[in-house]
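Visitor: Got a predicted structure here, sequence first:
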Amino acid sequence: MHGIAPKKRFGQNFLTDPSAARKIAEAATTPEGGTVLEIGPGTGALTVPLIERAAQLVAIERDADLLPVLHDKLAGEVEGGRVALIEGDDLLDWPSLLEGRLRPHAVAGNVPYSHRALIEMAIAAADALDVVVMMVQKEVADRLLAQPGSKEYGALTVFTRAAFDIERVLVVRRGSFFPRPEVDSAVVKLTPVRPRRALETEDFRAVVKAAFGMRRKTLRNAWRGIFGWSNEELAARRRRRHLARRARRDPRRRTVPRPPRAPEHAGAVGPEHGPHRARRRFDAGGPKSPCIERKAPIRPARTAPFHAGRTAEKMRALPAFSACGSGGVRAAGRLTLVSDGR
């Protein structure tokens, strides 16, 4: 191609589809005008449609053998000052290259096989950019666009979405490149969010990487040791975050948990306090006697000697009751019973 063999060490796969190049240029230069920083122009397949729509273009190419090809193809624009060709690494300081040039500032590139470093560079420079359009492997595009909870959702998704809104422009099949790669590619458009959803501090990166680096572990175990927090402190922080989120949804909500309420029937025995009907079981004959079951509404407890029409003398003549369920207990020599009023 132009008498130059693609270099594998540079990950060169030249775009040969004019339709895909035009769509990339439209995504990067809408509205028309402004300045485009092109990463890896190669033989100029994307450079030509870009300069047709942009006011200025800065192209960074690290392969010195391709610069003469670009100079020949863009001779008029280079002499007129609309195009600046720079030999250097893709990871030069992007904001400094665009400083003082016409806005909006866009970054475009066909670099499907060296994506990670360029995406990290875009995240770092997001505050100085207006749009980033780049070609990445289709698998990487799926990760950038993944939804929380999916298998593809990971640290790269979190870091990128903290700074950008992401959309897929098109899918480019492997036959659109020379040499032909083994996988398809996709073009994604990154629009900076101002202010950022999260500042990418060292602590933020450490927390996200630890969370997704050990997916099979709980967050408590994954984050253990990052900040020297104990399990109790992690639980307390999680609780405070939950209360703060609940208060934001409804400011009328209490942010301090209520104390436990006393049962409606303070004298009732057993865990089922309330006015509902429950199954009561009484054992009237000792450990070997079967329990007698009946349904009865729970009533406020009262104390012997009077129960269900029996006199105190008859009650004293009966054997002591022991509770199979929650009908009665023997405490301090007095028998507490629950009456149904019949």
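Guide: Thanks, I have it. Numbers count the residues shown, from 1 in each chain.

Visitor: To what extent is E38 buried, counted in neighbours?
Guide: Neighbours of E38 under the rule other C-beta atoms under 10 Å: 26. Heads up, the C-betas are built off the backbone N, CA and C, glycines and all.

Visitor: On the three-state scheme, the residue most central in space within the chain is what?
Guide: The residue lying closest to the centre of the chain (C-alpha atoms, centre = their mean) is P148, at 4.9 Å. Following DSSP: H, G, I helix; E, B strand; the rest coil, we place P148 in the coil state.

Visitor: Check the spacing between it and V172 real quick.
Guide: Here P148 is placed at a distance of 27 Å from V172 (C-beta to C-beta, to the nearest Å).

Visitor: Now find how far off-centre stretch 57-65 is within its chain.
Guide: Counting by C-alpha atoms, centre = their mean, to the nearest Å, stretch 57-65 is centred 36 Å from the centre of its parent chain.

Visitor: scratch that, stretch 147-164 is what I was asking about
Guide: The answer for stretch 147-164 is 6 Å, by C-alpha atoms, centre = their mean.

Visitor: could you give the mean pLDDT of it?
Guide: Average pLDDT, stretch 147-164: 93.

Visitor: what's the span of it, first residue to last?
Guide: One end of stretch 147-164 to the other measures 15 Å (C-alpha to C-alpha, to the nearest Å).

Visitor: Could you do stretch 150-164 as well?
Guide: Length of stretch 150-164, first residue to last, C-alpha to C-alpha: 19 Å.

Visitor: what does it rub up against?
Guide: Stretch 150-164 has contacts (C-beta atoms under 8 Å, 6 or more residues apart in numbering) with 116, 119-120, 122-123, 126, 132, 140, 142-144, 146-147, 166, 190-193, 196-200, 204-205, 208-209, 211-213.

Visitor: which stretches of the stretch 1-150 of the chain form strands?
Guide: 14-15, 35-39, 56-61, 83-87, 105-110, 131-137 (DSSP state E, counting those that start in this stretch).

Visitor: where does the stretch 151-300 of the chain have low pLDDT?
Guide: Within the stretch 151-300 of the chain, the stretches with pLDDT under 70 are 250-300.

Visitor: how about a cut-off of 80?
Guide: Where the stretch 151-300 of the chain drops to pLDDT under 80, the residues are 216-221, 223-231, 234, 248-300.

Visitor: Which stretches in it count as strands?
Guide: Under the criterion DSSP E, counting those that start in this stretch, the stretch 151-300 of the chain contains strands at 164-172, 177-178, 185-192, 277-283, 292-297.

Visitor: Off-centre distance for the shortest one?
Guide: How far strand 177-178 lies from its chain's middle: 35 Å, per C-alpha atoms, centre = their mean.

Visitor: remind me, longest helix of the protein?
Guide: helix 231-249 (DSSP state H).

Visitor: re earlier: which of the strands of the stretch 1-150 of the chain comes out lowest on mean pLDDT?
Guide: Note on the strands of the stretch 1-150 of the chain: strand 14-15 shows the lowest mean pLDDT, a mean of 88.

Visitor: And the contacts of that one?
Guide: For strand 14-15, the external contacting residues (C-beta under 8 Å, 6+ apart) are 1, 6, 21, 42-43, 45-46, 110, 135, 172, 176-178.

Visitor: Direction included, what does that strand pair against?
Guide: Applying DSSP bridges, strand 14-15 is found paired with strand 177-178 (antiparallel).

Visitor: residues in contact with the partner strand?
Guide: Taking C-beta under 8 Å, 6+ apart as the rule, strand 177-178 contacts M1, P6, N13, F14, L15, T16, S185.

Visitor: Show me the beta-bridge partners of the fourth one.
Guide: Going by DSSP bridges, F14 is paired in beta bridges with F178.

Visitor: That one: neighbour count?
Guide: As a burial measure, F14 scores 20 neighbours (other C-beta under 10 Å).

Visitor: what does the fifth one give?
Guide: A count of neighbours around L15, defined by other C-beta under 10 Å, yields 20.

Visitor: nearest spatial neighbour of it, skipping sequence neighbours?
Guide: A45 (4.7 Å; C-beta to C-beta, 6 or more residues apart in numbering).

Visitor: Likewise for the second one?
Guide: With C-beta to C-beta, 6+ apart as the measure, Q12 is the residue that lies nearest to P6, at 4.0 Å, once sequence neighbours are left out.

Visitor: Of the contacts of strand 177-178, which is the most crowded?
Guide: Highest neighbour count within these: S185, with 27 neighbours (other C-beta under 10 Å).
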